[in-house]
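Asker: Here's a sequence, model it:
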Amino acid sequence: MTRKRALIGSGIASLAIGAVLLVLDARMMDAGGPGIIGFELAGSEERAAEILADWGDEGADAARASLWIDYAYLIAYGTFLVLAAWATRDLARIRGWRRMAAWGTAVIPLPAAAAAFDAIEDVGLLLAVGGHGGAFAPRLAQVCASLKFALLAVTIAYILAGLLLRVGARRA
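Answerer: Residues are numbered from 1 along each chain as shown. Below is the predicted model of the structure:
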């Protein structure tokens, strides 16, 4: 399989799984609480308990389903973003954009690390949804979610910068 095909396949998988997760997120909010991101960032046993109480059984069931499906999602988006960063770095090398290429070498592993933090975060949240893990589970999820979001922001910024450079080079 070529990188381009893997990029397209993982992109399609990310969009399809992401759509399912959005439906589940809407169910959580319809049940009377925040979406999953609010739960990811709860950070304390008390706040996690408040969110679970707001959701009730229906919202908690949607959250549980979302967290299990997220394991497929993190593989899909992690793969897509690693491949996209890799392609951006390779393009930068070909075009002689030395700084961009140097940054790419550092950025390529970040989405895989983000996906790993996401997997650990999901463990903490599944424990919290099940009423286990005490104060540790929501704090673990919050720390891992924060690291995940930071790594994803750097990765996406790098890929977007590469796209802007590519568009600018075409216009020149």
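Asker: so where is the protein shaky, pLDDT-wise?
Answerer: Scanning the chain for pLDDT under 70 picks out 172.
Asker: elements contacting the longest helix along it?
Answerer: Counting by DSSP state H, the longest helix found in the chain is helix 45-95. For helix 45-95, the elements it packs on are helix 3-30, helix 36-40, helix 98-107, helix 110-129, helix 136-171, judged by 3 or more CB pairs under 8 Å, 6 or more residues apart in numbering; DSSP states H and E. All C-beta spots, glycine's among them, are computed from the backbone N, C-alpha and C.
Asker: For A62, find the nearest of those.
Answerer: With respect to A62, and counting by CB to CB, the nearest of those is helix 3-30 at 3.9 Å.
Asker: Run the angle between that closest one and helix 45-95 for me.
Answerer: Here the directions of helix 3-30 and helix 45-95 differ by 160 degrees (axes from the mean of the first three to the mean of the last three CA atoms, to 10 degrees).
Asker: buried ones in helix 3-30?
Answerer: Along helix 3-30, these residues count as buried under the neighbour rule (16 or more other CB atoms under 10 Å): 7, 10-11, 13-14, 17, 21, 24-25, 27-29.
Asker: for stretch 62-81, same thing?
Answerer: For stretch 62-81, by 16+ other CB under 10 Å, it's 62-63, 65-67, 69-70, 73-81.
Asker: now stretch 104-112
Answerer: 104, 107-108, 110-112.
Asker: for stretch 132-145, same thing?
Answerer: Neighbour counts over stretch 132-145 (16+ other CB under 10 Å) mark 133, 137-142, 144-145 as buried.
Asker: how about the residues you listed in JSON lines, adding distance to L125?
Answerer: Formatted as JSON lines, the buried residues of stretch 132-145 follow (distance: CB to CB, whole Å):
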{"residue": "G133", "distance to L125": "9"}
{"residue": "A137", "distance to L125": "7"}
{"residue": "P138", "distance to L125": "8"}
{"residue": "R139", "distance to L125": "11"}
{"residue": "L140", "distance to L125": "9"}
{"residue": "A141", "distance to L125": "5"}
{"residue": "Q142", "distance to L125": "10"}
{"residue": "C144", "distance to L125": "9"}
{"residue": "A145", "distance to L125": "9"}
